[in-house]
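Enquirer: Return a 3D structure for these sequence lines:
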Amino acid sequence: MKKVTFILTCGLALLFQPAGGQPCERKSLGQVYAASRLSQTPDHGGVIESKYDGFSHETVVTLRKMRVTCAGAKGNFKDVCVSFVVSAHCPGIQLSVVRYVSLQLIFVTKDWTGRHPLDERDLSVVADAETLRLGRMGLISQNGDDVMAETLEVTVPYHVFKKIALGQVVEMQVGKSRFELRDKNLAALRDLNNRLLQ
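Expert: Residues are numbered from 1 along each chain as shown. Take a look at the predicted model:
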């Protein structure tokens, strides 16, 4: 009987051994779930975080500052770096209703003449040949010693953000400054959109 048990055990071990000849690693259900979630995370390089703000009674899902370009934007900038921050604001502790989405554009340049005066802060977005006029951006901050950093912000309804996030080609223009979002930027926006239960 011991001989039969030994042969069955060896046979089962060989049967369940992967083709590479290495024994299977035992993993808990939690490890398997974490690994599957990790493999489904897009490789866009952006950082997305969700948190509940008890003061404003809302859940905010934020794509933290992500670089768009440092090659210079078309228009009035020389040697400019453009980045953006996107936040979806959901009332209460939930992700199924989005109150609005805020979009911040950060411009960093050594050329102080590259600032956007009040009459050159209108944001237009072209997403797959559809032009979206998103209105005048507000000035959040403008500072610098050796370099000038300017942050502009606009809020848009969720359905407008979704058109941008799902676009294959997206170009933005603020005043005379124009730039196109990279594939990684669009992948990060889609990732943020996928985390919302719309």
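
Enquirer: Could you double-check that residue 168 lies in contact with residue 130?
Expert: No: with contact defined as C-beta atoms under 8 Å, residue 168 does not reach residue 130; the gap is 11.5 Å. (Each C-beta comes from the backbone N, C-alpha and C, glycine too.)

Enquirer: Which phi and psi values does the residue most central in space within the chain adopt?
Expert: Residue closest to the average C-alpha location in the chain (C-alpha atoms, centre = their mean): residue 188, at 3.0 Å. Backbone torsions for residue 188, taken as degrees, to the nearest 10, come to phi -70, psi -40.

Enquirer: likewise residue 57?
Expert: Main-chain dihedrals, residue 57, degrees, to the nearest 10: phi 50, psi 50.

Enquirer: which residue sits closest to it, ignoring its sequence neighbours?
Expert: Sequence neighbours aside, residue 92 is the residue nearest to residue 57 in space, at 6.3 Å (criterion: C-beta to C-beta, 6 or more residues apart in numbering).

Enquirer: which residues does that neighbour contact?
Expert: Contact analysis of residue 92 by C-beta atoms under 8 Å, 6 or more residues apart in numbering lists 57-59.

Enquirer: likewise residue 91?
Expert: Residue 91 neighbours (C-beta under 8 Å, 6+ apart): 57-58, 97, 99.

Enquirer: Drop anything exposed from those.
Expert: Neighbour-count burial (16 or more other C-beta atoms under 10 Å) applied to the contacts of residue 91 gives residue 58.

Enquirer: For the contacts of residue 91, work out which two are farthest apart.
Expert: 57 and 97 (12.9 Å; C-beta to C-beta).
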